[in-house]
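Asks: quick one: sequence plus predicted model below, questions after.
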Amino acid sequence: MKYIPVLGMEVHAELKTKSKMFCACENGRGLEKEPNTHICPVCTGQPGTLPVPNRVAIEYVQKAGLALGCTLRLDSKFDRKNYFYPDLPKGYQISQFDKPLCENGSMTIDGKVFRITRIHLEEDTGKLSHGRGGTCVDLNRAGVPLLELVTEPDFSSGKEARLFCQKLRQIFRYLDISDADMEKGQMRCEVNISLFREGDERLSGTKVEIKNLNSFRSVERAADFEILRQTEILESGKQVVQETRGWDDAAGRTVSQRAKESAHDYRYFPEPDIPKLIFSKEETERLRKSLPELPDSKEARFLEEFGLSLSDISSLVSERDVADYFERVASELLEKRSSGETSVDPKRLLKLAANYFLTERKRYVADRGGDMRSVPVSAENYAEFVTIVAEGKVNSSAAQRLLSEMMKGGDSDPSHIVDRLQLSQMSDEGALEEIVRLVLLDNEKSVTDYRNGKQNALQYLVGQTMKASKGRANPETARTFLLRFLEGSDSREATQ
Ligand SMILES: [Zn+2]
């Protein structure tokens with residue numbers, strides 16, 4: 001018997017608005033150091049207070065909807081979702097039930113379409129911390145605007161679920177509506193999983209929901225673990241229990257948390273203190289036009305315009321700031337080429353720019369922390385660097401040194417650094433020839449070794465020449481000169 005896994009996703013993301021969802025408190029997304037510093041009578045649920053919806057938060061959710069191909073409802077409303085928990089001071093959460101802001105969207109990953117049922121807006125809850133003296137409530141996060149996205153059960157593996165979450169984060173960051181950092185709880189993914197017997201797909205499987213997933217990796221691992229766990233239960237003839245399970249990352253398994261409550265337990269009803277939301281087509285069109293270029297279309301355009309490999313392009317567009325930076329570098333380079341400032345083939349310029357960008361910048365970020373945005377080199381200076389390298393004004397080891405010098409900050413004009421550190425490649429062949437002669441005189445043993453057939457000796461002599469030229473020689477030219485002396489008629493003269 002074969003079982004087919006069917007997965008659906010539910011994703012929450014904290015929106016990075018200035019103020020909270022229904023009051024004027026600063027939105028610190030619950031990351032404040034001191035508890036209960038950004039609170040007021042509204043977000044602590046005092047009697048007699050009235051909520052006022054945050055217009056920017058509504059627009060953020062609509063932007064997400066537009067970016068994900070949803071239809072924006074022209075009429076929408078807020079509802080109360082009633083339940084008791086100490087981190088929810090009002091005894092209900094203001095959410096959206098039957099008229100969410102956005103409906104019927106989709107996301108395509110590697111050619112497969114994942115349908116998005118709805119995206120709605122709600123408020124986050126506070127946080128509880130359980131200490132020795134009891135449990136404390138911090139309401140800084142209460143009332144933070146929260147986007148909730150629900151998908152159709154279109155996923156069939158943990159990997160698909162992970163890729164979906166990763167692309168979602170990328171889109172939220174491009175839209176600049178949420179940092180969507182899973183480790184900080186700014187994006188929370190839940191996966192629901194049920195298994196169907198092959199050829200028997202009308203039978204509904206029992207749905208298990210997994211919560212507490214705080215990294216992309218755990219989304220994939222937890223989903224795959226759960227598929228395996230349920231398969232084993234069904235294969236042994238037992239039944240899967242409908243429940244919510246948590247993920248124990250250290251143990252690498254899901255653990256039972258509680259039996260699943262069904263939707264009507266929440267006794268949703270329309271929020272009486274907030275009027276209905278009515279939007280016009282013009283408003284939604286205006287919003288559509290305000291969207292930035294999104295990762296998929298940026299990727300397609302970069303492929304077309306820059307002619308780089310797909311893997312280079314997808315790394316370059318992974319973050320909007322990085323993509324924007326690279327695009328400025330590329331336009332500087334193409335400008336240098338069209339103005340005749342350089343005669344290097346533009347494809348070669350762009351390829352060099354991408355290579356150094358993706359290796360050296362990544363190394364810089366890995367060594368020092370921070371992100372790609374923190375590298376203190378302007379697009380102009382970076383483009384100048386690429387041109388210097390492409391024109392052979394510095395050799396490759398000097399190029400590395402030049403770039404790391406530029407990344408130290410301060411004066412990062414590469415031509416100044418080339419002068420200051422004397423990095424420019426020796427173009428004076430006479431001078432190089434002189435150095436080679438001296439190197440051969442100083443290394444008679446290596447010369448003999450080479451003549452006795454030891455090929456390694458040549459590499460050593462190239463190294464000595466590079467050292468004697470303080471790294472400024474072109475290694476290829478040095479090698480040619482050395483060979484000329486070692487094998488040609490000049491050799492005796494040089495060693496005598
Ligand atoms: Zn407040």
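Replies: It's in. Residues are numbered from 1 along each chain as shown.
Asks: next one: the residue in the stretch 201-350 of the chain that the ion sits nearest to from Pro47, what distance?
Replies: Nearest to the ion, among the residues of the stretch 201-350 of the chain, is Asp273, at 14.8 Å (C-beta to the ion). (Glycine included, C-beta is placed from N, CA and C.) As judged by C-beta to C-beta, to the nearest Å, Asp273 and Pro47 stand 12 Å apart.
Asks: and this structure, which of its residues are near the ion?
Replies: Cys23, Cys25, Cys40, Val42, Cys43 (C-beta under 5 Å from the ion).
Asks: list the residues that contact the residue nearest to the fourth one when sequence neighbours are not counted.
Replies: Counting by C-beta to C-beta, 6 or more residues apart in numbering, Val42 lies nearest to Cys23, which is 3.6 Å off, once chain neighbours are set aside. Contacts here follow C-beta atoms under 8 Å, 6 or more residues apart in numbering; on that basis Cys23 touches Cys40, Val42, Cys43, Pro51, Val52, Gly143.
Asks: and Tyr364, by the same measure?
Replies: Taking C-beta under 8 Å, 6+ apart as the test, what Tyr364 contacts is Val375, Ser404, Met407.
Asks: likewise for Gln166?
Replies: Taking C-beta under 8 Å, 6+ apart as the criterion, Gln166 is in contact with Phe216.
Asks: what's the answer for Pro100, then?
Replies: Taking C-beta under 8 Å, 6+ apart, one finds Arg73, Ser76, Arg118, Ile119, His120 in contact with Pro100.
Asks: distance of the fourth one relative to Ala13?
Replies: As for Ile119, its distance to Ala13 is 10 Å (criterion: C-beta to C-beta).
Asks: look at the two and report which has more neighbours.
Replies: For Ile119 versus Ala13, neighbours defined as other C-beta atoms under 10 Å are more numerous around Ala13 (27 against 24).
Asks: just the element for the more buried one, please.
Replies: Using DSSP states H and E, the element containing Ala13 is strand 3-14.
Asks: flag every buried residue along that strand.
Replies: Buried residues in strand 3-14, counted by 16 or more other C-beta atoms under 10 Å: Tyr3, Pro5, Val6, Leu7, Gly8, Met9, Glu10, Val11, His12, Ala13, Glu14.
Asks: any chance of those in JSON lines, plus pLDDT?
Replies: Formatted as JSON lines, those follow (pLDDT from 0 to 100):
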{"residue": "Tyr3", "pLDDT": "89"}
{"residue": "Pro5", "pLDDT": "93"}
{"residue": "Val6", "pLDDT": "93"}
{"residue": "Leu7", "pLDDT": "95"}
{"residue": "Gly8", "pLDDT": "96"}
{"residue": "Met9", "pLDDT": "97"}
{"residue": "Glu10", "pLDDT": "97"}
{"residue": "Val11", "pLDDT": "97"}
{"residue": "His12", "pLDDT": "97"}
{"residue": "Ala13", "pLDDT": "97"}
{"residue": "Glu14", "pLDDT": "97"}
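Asks: that older thread, among the contacts of Tyr364, which are located in helices?
Replies: Ser404 (DSSP state H).
Asks: output the contacts of Tyr364 as a markdown table; include the columns pLDDT and distance to Ile417.
Replies: Shown next, in a markdown table, are the contacts of Tyr364 (pLDDT from 0 to 100; distance: C-beta to C-beta, whole Å):
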| residue | pLDDT | distance to Ile417 |
| --- | --- | --- |
| Val375 | 73 | 15 |
| Ser404 | 84 | 10 |
| Met407 | 83 | 11 |
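Asks: how about the contacts of Tyr364 in TSV, adding neighbour count and distance to Asn212?
Replies: Formatted as TSV, the contacts of Tyr364 follow (neighbours: other C-beta atoms under 10 Å; distance: C-beta to C-beta, whole Å):
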residue	neighbour count	distance to Asn212
Val375	23	35
Ser404	13	41
Met407	20	39
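Asks: so which helix or strand takes in the closest residue to the ion within the stretch 101-250 of the chain?
Replies: Going by C-beta to the ion, the ion is nearest to Gly143 of the stretch 101-250 of the chain, at 5.5 Å. Under DSSP H and E, no helix or strand contains Gly143.
Asks: and the spatially closest residue to Leu66 that is not a sequence neighbour, what element?
Replies: Take Leu66 and drop its neighbours on the chain: the residue closest to it by C-beta to C-beta, 6+ apart is Arg288, 5.2 Å away. Secondary structure from DSSP H and E places Arg288 in helix 281-290.
Asks: give me the residues contacting that helix.
Replies: So helix 281-290 is contacted by Glu59, Gln62, Lys63, Leu66, Leu72, Leu74 (C-beta under 8 Å, 6+ apart).
Asks: please pick the buried ones from these.
Replies: Here, 16+ other C-beta under 10 Å leaves Glu59, Gln62, Lys63, Leu66, Leu72 buried among those.
Asks: let me see the contact set for the last one.
Replies: Right, the one you point to is Leu72. Gln62, Gly65, Leu66, Leu101, Cys102, Phe279, Thr284, Leu287.
Asks: coming back round to it: redo the contacts of Pro100 as a markdown table? Include pLDDT.
Replies: Formatted as a markdown table, these follow (pLDDT from 0 to 100):
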| residue | pLDDT |
| --- | --- |
| Arg73 | 97 |
| Ser76 | 97 |
| Arg118 | 98 |
| Ile119 | 98 |
| His120 | 98 |
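Asks: alright, I will stop here.
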